[in-house]
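In: The sequence isn't on hand, but the structure is:
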């Protein structure tokens, strides 16, 4: 009973991060010259995404945001997509790196 009450109190005090807010947080991480490229945001890990994630990511559910690399407009290369993980509870960026989808 105390756990349920505490969970409700935390949700009222710190509401979950919406998809729109997660995209705003990810846009802030991008370089200015690629901010006009649209981002893709997923509520769960897409099937073709296999990043090497640190253990801290498993502690909180995350938004999976696919973003352009900062030099996306200047480089033509076959490489993995850029993945930014934004925590659904805190809005913390837990990961910014390769999505592991190059294969």
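Out: Nice, I can see it. Here the structure is a predicted model, which is why all the values come from computation and not from measurement.
In: Residue 8 in helix, strand or coil?
Out: helix (DSSP: H, G, I helix; E, B strand; the rest coil).
In: ok, how many other residues are close to it?
Out: 10 (other C-beta atoms under 10 Å). The way it works is simple: take the backbone N, C-alpha and C, and place the C-beta from them, glycine included.
In: Just confirm residue 20 is within a helix.
Out: Yes: under three-state DSSP, residue 20 falls within a helix.
In: ok, it to residue 87 distance?
Out: Distance of residue 20 to residue 87, computed by C-beta to C-beta, to the nearest Å: 15 Å.
In: Of these two, which one has the most company?
Out: residue 87 (20 against 9).
In: Could you report the pLDDT at that one?
Out: In this model, residue 87 is scored at 90, pLDDT.
In: ok, now which ones touch it?
Out: Residue 87 makes contact with 17, 60-63, 93-94, according to C-beta atoms under 8 Å, 6 or more residues apart in numbering.
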